[in-house]
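**Q** Need coordinates for the following:
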Amino acid sequence: VSDVTVSVANGSSRRGKPNPGRRILSSQTVSGSKLAEPERGTARAAQARPLLAQDPTSEAHTYVYAHRSLGRAATACGAQGEPSRATRGRVQPQGAMAHAAAAPAPGPVLGCPVELHLSFADLKGEDVLTESDPFAELFVRDPRDKHGWTKVGQTAPMRNLHTGSWAEGFDVNFRFEEVQTLLVKVWDHDRNSRHDFLGQASLTLGTVMGAAGQRVTVALERPSTFRSGTSRRGAITVLGEKRSGNDGFLRLHMRAHNLDSKDWGGLGRSDPYYVLQRDVAGSFVSIFQSEYHKSNNSPIWKEHGIPLDKLCRGDLSAQLRIQVFDYDEGSKHDLIGECLCSAQTLLDAAKSGAMLEVRHPPTRRKYQKSSYKNSGQLQVLRAELRASPQARMLDYIAGGTNINMVVAVDFTASNGPPTSTGSLHSLGVYPNQYEAAIAAVGNILQPYDSDGRIAAYGFGGVFRGSTSHSFPLNGITDDPEVQGVPGLLQAYRAALQNVPLSGPTYFAPLLDQVNRSVFNPELSQWAQSYTVLLILTDGAILDMQPTIDRIVEGSSHSLSIIIVGVGSADMSAMHALDADDKRLKASNGRSAARDIVQFVQFSECKNDGEALARRTLAELPAQMVEFFEAHGINPNPPRPAAPSAVVLESTPVSSMPNGSPPQAGLAHASPASAPMAPQMATAVPAGVNLAHAGKTILAQAYQL
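**A** Numbering: from 1, shown residues only. So this is what the prediction gives:
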């Protein structure tokens, strides 16, 4: 296996012969991380035979097998190093010694991450009096996925435009050994009725990445309702870029001075906003758009954080363009002017106070005259490079910030009776949808909980004779915490057998309780804590405004709320709570201090743990960092390592009493991977079965 070769990596065709001198995996990596167990190696070889038998001369098939079976050391982009002469051809250590020498690395990332940008031209819409408000959806078809198309994401609508580019970029993993088909659907956004379908375009990702400038333009087509075939509806351009690893961002705060008036023939003041664009292969791609200011020729825009990877791919000298537009609600937006700069130019301008001239291209005679100076000026009030929120969050955690985790599960009757196999709470199916979501999300968040204990609640069930909208899953009102994800799953199963489902679905009582628990008047530089509330629900809530009021209150506390939608019910209310574009407003008129809600629909990514992890934690680092920085709290110096720690292993599945179902996603704890709680090690008497003792305590609690 150590002699696996891949000549397709340097361009060989299927007719080419294998090149034995080009190796992508060293024998040490293979035997240490994968083949230390002979049975597994034999099984993988057997699985590979049918694949290779399809075309024995296909290096592409060999390469797929090398990645899927062994993939620890190679990726589809870039050649890997040769094994050293000392290790080439040598039998490597087996068994425990091999594992100690080469611990298993994380799963392989096949291919190369790329970012796709979309632009459009000459869209033919349905509106008679105005231009279209186009937005696009991007789908990818993975040949390994039997479920068809996977939605990568969608853009925000562009108002009143038939030609332009969307600011959003889409991350896709490019794999040269597979045919990855892209589908772009374009719609005309309508606020009051259904969106109009403008057309779609299809092409392969390989076509984009292999084209000159990695740019392809395809016709936008729509099935014709009046004749057979399709009708042309404009064009879509797809541009691909290989991503780099720059994870910092630029904090940018700008204002304008004396911009040209564009409304009412120059008599009315403009409604200006700016667009940041990056030069990609000789043309500019929109990467960021600010808010607009009504009737203000000298606006002060909000401060924004723009990722360096997105802004300039980490190259501070890369050319950028800032375009300033006049926003028009019912017609085309007017270009006020533009200027060329770089990220370094913005940093220097913030220090020196130099103005950036905004000039209109010489498309009209007035802009060609020698008397024309500019159409306004831009002033950089603040520009500074900052570490990414993820890196900053790790600084806080390293300095001792205490992360608390709270979980709340929907016990309303709309989930269906637990005795039914069709119920979201089905006791006859393991894992049911709630358990799968708890395991997937809980195992992601648990490492951030410093003591491993999780406060677990239910809402909408009959607890102690009446419907409760905030009751402890373990039945202990004074101590609702359970030990980790295993304790959470056990408490959930026990509660299903003791708490009848009821309703309606209210969030406000639960949020009231959480807000009281997270309020900390003693929060300071030396007493840092943050709470993450995970709510698992099947959809609609009946106390929308009271819920918003509690979220607005919680936005001033050290709190983030992650909502995971389970099932296929209407989730529009959850999307409304995840107010990314506009701050939530309470009934008393108070706006949220910050965005603290992240909504994830579990059904969209339940088969992809990595996707669920990314989406679940997408906004958490920025929310946490924003809170601490707003209160003037910086990361403390890293804590010294504890001299010793006691790590308890999870109870093996085979020893769980009473035929308990296996705990999904759990593994034995080890000193290298288990979350530790220094100075909190607990002595456990020998022979005590913690799982059995926990179940006994739960049963007694519910009887009380």
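
**Q** How much space separates Pro472 from Val275?
**A** Pro472 sits at a distance of 51 Å from Val275 (criterion: C-beta to C-beta, to the nearest Å). Just so you know, the C-beta spots here come from the backbone N, C-alpha and C atoms, and that holds for glycine as well.

**Q** and if you look at Thr505?
**A** For Thr505 relative to Val275 (C-beta to C-beta), the value is 41 Å.

**Q** quick one: buried residues of the biggest strand by length in the chain?
**A** Longest strand of the chain, by residue count under DSSP state E: strand 230-242. Counting neighbours by 16 or more other C-beta atoms under 10 Å, one finds that the buried residues in strand 230-242 are Arg233, Gly234, Ala235, Ile236, Thr237, Val238, Leu239, Gly240, Glu241.

**Q** can I get those residues in a markdown table with pLDDT and distance to Lys585?
**A** Output for those, formatted as a markdown table (pLDDT from 0 to 100; distance: C-beta to C-beta, whole Å):
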| residue | pLDDT | distance to Lys585 |
| --- | --- | --- |
| Arg233 | 80 | 39 |
| Gly234 | 88 | 38 |
| Ala235 | 92 | 41 |
| Ile236 | 92 | 37 |
| Thr237 | 93 | 39 |
| Val238 | 93 | 38 |
| Leu239 | 90 | 38 |
| Gly240 | 85 | 40 |
| Glu241 | 81 | 38 |
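
**Q** which residues touch Arg243?
**A** Residues in contact with Arg243, defined by C-beta atoms under 8 Å, 6 or more residues apart in numbering, are Pro113, Val114, Glu115, Asp171, Asp309.

**Q** any idea of the pLDDT on it?
**A** Predicted confidence (pLDDT) at Arg243: the value is 72.

**Q** beta partners for the nearest residue to Ala413 once chain neighbours are set aside?
**A** Among residues not flanking Ala413 along the chain, Leu501 sits closest, at 4.4 Å (C-beta to C-beta, 6 or more residues apart in numbering). Residues in a beta bridge with Leu501, per DSSP bridges, are Gly461.

**Q** partners of the helix or strand Leu276 falls within in the sheet?
**A** With elements taken from DSSP states H and E, the one containing Leu276 is strand 272-280. Sheet pairing of strand 272-280 (DSSP bridges) gives strand 283-289 (antiparallel), strand 319-326 (antiparallel).

**Q** quick one: buried residues of the next helix or strand after the longest strand of the chain?
**A** As assigned by DSSP H and E, the chain's next helix or strand after strand 230-242 is strand 249-257. For strand 249-257, the buried set under the neighbour-count rule, 16+ other C-beta under 10 Å, comprises Phe249, Leu250, Leu252, His253, Met254, Ala256.

**Q** next one: stretch 206-223
**A** If you call a residue buried by 16+ other C-beta under 10 Å, then stretch 206-223 has these buried ones: Gly206, Thr207, Val208, Met209, Gln214, Arg215, Val216, Val218, Leu220, Glu221, Arg222.

**Q** Can I get the residues you listed in CSV including secondary structure?
**A** Rendered in CSV, the data for the buried residues of stretch 206-223 read as follows (DSSP: H, G, I helix; E, B strand; the rest coil):
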residue, secondary structure
Gly206, helix
Thr207, helix
Val208, helix
Met209, helix
Gln214, helix
Arg215, strand
Val216, strand
Val218, strand
Leu220, strand
Glu221, strand
Arg222, strand
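
**Q** The nearest residue to Gln200 once chain neighbours are set aside: what's it in contact with?
**A** The shortest distance from Gln200 to any residue other than its chain neighbours is 4.6 Å, reached at Lys185 (C-beta to C-beta, 6+ apart). Taking C-beta under 8 Å, 6+ apart as the criterion, Lys185 is in contact with Ala136, Glu137, Phe139, Phe197, Gly199, Gln200.

**Q** thinking again about what came up before, what's the farthest-apart pair in the buried residues of strand 230-242?
**A** For the buried residues of strand 230-242, with distances taken as C-beta to C-beta, the pair at the greatest spread is Arg233 and Glu241 (26.4 Å).

**Q** Please list all residues in contact with Ile633.
**A** Residues touching Ile633, when contacts are defined by C-beta under 8 Å, 6+ apart, comprise Leu523, Ser524, Gln525, Gln528.

**Q** how does it look with 7 Å?
**A** By C-beta atoms under 7 Å, 6 or more residues apart in numbering, the contact list for Ile633 reads Gln525, Gln528.

**Q** Ok, Glu168 next?
**A** If you count contacts by C-beta under 7 Å, 6+ apart, Glu168 has them with Gly153, Thr155, Ala156.

**Q** Of these, keep whichever come out buried.
**A** The neighbour-count test (16+ other C-beta under 10 Å) marks Thr155 as buried among the contacts of Glu168.

**Q** Where strands are concerned, which of the contacts of Glu168 count?
**A** Counting by DSSP E, the members of these that fall within strands are Gly153.

**Q** Where does pLDDT dip in the stretch 401-550 of the chain?
**A** Low-confidence segments of the stretch 401-550 of the chain (pLDDT under 70): 444, 447-448, 450.
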